[in-house]
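K.L.:
let's see this in three dimensions:
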Amino acid sequence: MSLRIGIREGFRTIIRSRSLFFLSLLVAAISFYLLSIFGLVTVNLYKMANVLDEKIEIIVFLEERADIQMLKNNIKKINGVQEIIYVSAETALKQLQEEVAETREIVRIFEDNPLPASLRIRLEPNFRNTKGLEEISQKILLLKGVKDTIYGGELVEQLKRITHIMLFFDIGLLLIITLSVIFVIFQTIKLTIFAHATEIEIMKLVGATDTFITIPFVFQGLIQGIFGGIIAYILLIITARIASSFFDIPYFPRLLFFLGSVLFGMIFGIIGSSIALRRFIK
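P.N.:
The predicted structure follows:
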């Protein structure tokens, strides 16, 4: 019964202080919007780090008369090898010509295909580092039919280090913005409660329970958070569409961001209103 009355009073409070409610809603929406943008950046940086990590591999150049199947069987036995892909000399040449158009003129100088057949060795996650690449490469070089290997260990390590620094910096910035959003929402809800301070005092004097006093304002914070999250999501969609005309956004789980915006809006709204009410309830 008290819950139903509290929700009804919450609606009345919103209607009576419409201008303050919409101002708070606007502030909350902008805050959630900024949080969503940095959330999208963080998710894509994390995805980019995973993609770069998955692309780490060893290229094994083969001799002309190498026994491909025997080599593949022997390499599979090496600890850390995840997948082996055979690339014929013809396929390698075709891929090079597709990637770099200028090579077509250069290749015409040669009567035969200058590129050797190769094996692309993809590694397990724990071996995608300089040490793992070097150890596996040295073992492969001992096998008959292997001409040479390349893996760019130092470059891989530098790329991973740069990516991790960017990801760490972005997560740190995301945490700072999250705390700022919580603070801003708390302050806007507190302004609403201050505007109704007299009503709260009167309700306490006539014997209203803390729960009865709290429910309307917590409900208002909940509504503010939900609509703030929805508005933030709409702004994020618009921003993503505008940004996609300039550059690709590799990963954008829309349903996840919508649910996240609404859920975080509800949580922040409830927490903010509950904390702001403490000083009046005591």
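
K.L.:
drop to CA atoms for contacts and neighbour counts, all remaining ones
P.N.:
Fine.

K.L.:
helix or strand for residue 86, which one?
P.N.:
Under the assignment given by DSSP states H and E, the secondary-structure element containing residue 86 is strand 81-87.

K.L.:
give me the contacts around that strand.
P.N.:
Taking CA atoms under 8 Å, 6 or more residues apart in numbering as the criterion, the residues outside strand 81-87 that touch it are 72, 75-76, 117-124.

K.L.:
in that strand, what counts as buried?
P.N.:
Residues of strand 81-87 classed as buried under the neighbour-count rule (16 or more other CA atoms under 10 Å) are 81, 84, 86-87.

K.L.:
ditto for stretch 133-153
P.N.:
Taking 16+ other CA under 10 Å as the basis for neighbour counts, the residues of stretch 133-153 that come out buried are 133-134, 136-137, 140, 145-147, 149, 151, 153.

K.L.:
cool, stretch 55-73 as well?
P.N.:
Neighbour-count burial for stretch 55-73, with 16+ other CA under 10 Å as criterion, is recorded at 56-63, 68, 71-72.

K.L.:
now render those residues as TSV, adding secondary structure.
P.N.:
Listed next are the buried residues of stretch 55-73 as TSV, based on DSSP: H, G, I helix; E, B strand; the rest coil:
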residue	secondary structure
56	coil
57	strand
58	strand
59	strand
60	strand
61	strand
62	strand
63	coil
68	helix
71	helix
72	helix
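
K.L.:
ok, the residues you listed vs residue 276, which is closest?
P.N.:
Nearest to residue 276 out of the buried residues of stretch 55-73 is residue 56 (CA to CA; 51.0 Å).

K.L.:
could you list every residue that touches residue 243?
P.N.:
Neighbours of residue 243 in contact, by CA under 8 Å, 6+ apart: residue 249.

K.L.:
among the contacts of strand 81-87, name the ones in helices.
P.N.:
With helices identified by DSSP state H, the entries of the contacts of strand 81-87 that belong to them are 72, 75-76.
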